[in-house]
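Visitor: Sequence and predicted structure below; questions after.
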Amino acid sequence: MNSHSSTIPIPGCRAAHVNLFGLWACCKAFGQRFVEQGTPAWIMATGSEHSVGLPHTGAGFYTASKHAVLGLTKTAAGETARAGVRINAICPGPIDTRMIHSIEGQIDPGNPSAVEQR
């Protein structure tokens, strides 16, 4: 870690770390194992609406990490395809979770439920 990483707060940094490095670690471990097994296998990565260009205010780093999920997925898929290991990403839209409600509050702090009407 460089000296800046511990002193500059980056919104979404933890989620970005999980999104990118978590996916990389899983593809590396399971992809290698599936290739060695020699049997067809699938790895599914999870993107989000942010992966395909639906950013929201204050989530630039998180959105960038979701774009990285698609890039890493495509690269890993190309590296394992000949061995019969398929790696794909699914990108669901918003789901009624605490995180979504937090985002709604950031978009329109005075009336978070207005986001549903858009």
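Guide: That came through fine.
Visitor: List the residues that contact the residue nearest to residue 64 when sequence neighbours are not counted.
Guide: Distance criterion Cβ to Cβ, 6 or more residues apart in numbering; nearest residue to residue 64, sequence neighbours excluded, is residue 16 at 7.1 Å. (Each C-beta comes from the backbone N, C-alpha and C, glycine too.) Neighbouring residues of residue 16 by Cβ atoms under 8 Å, 6 or more residues apart in numbering: 10, 61-62, 64-65, 68.
Visitor: Any stretches of this structure with poor pLDDT?
Guide: 1-12, 53-58, 103-109, 111-118 (pLDDT under 70).
Visitor: give me that answer again for 90
Guide: Applying pLDDT under 90 to the chain picks out residues 1-20, 27, 31, 39-40, 44-69, 90-118.
Visitor: need the strands for this structure, in chain order.
Guide: 41-46, 85-90 (DSSP state E).
Visitor: Strand 41-46 and the last one, what's the angle between them?
Guide: Spelled out, that is strand 85-90. 20 degrees (axes from the mean of the first three to the mean of the last three Cα atoms, to 10 degrees).
Visitor: which residues touch strand 85-90?
Guide: For strand 85-90, the external contacting residues (Cβ under 8 Å, 6+ apart) are 27, 31, 34-35, 40-47, 51, 69-70, 73, 76-77, 80.
Visitor: quick one on the thing from earlier: got TSV for the contacts of residue 16, with neighbour count and distance to residue 93 too?
Guide: Shown next, in TSV, are those (neighbours: other Cβ atoms under 10 Å; distance: Cβ to Cβ, whole Å):
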residue	neighbour count	distance to residue 93
10	13	25
61	13	21
62	22	16
64	15	19
65	24	18
68	18	19
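Visitor: any idea how far residue 46 is from residue 94?
Guide: 14 Å (Cβ to Cβ, to the nearest Å).
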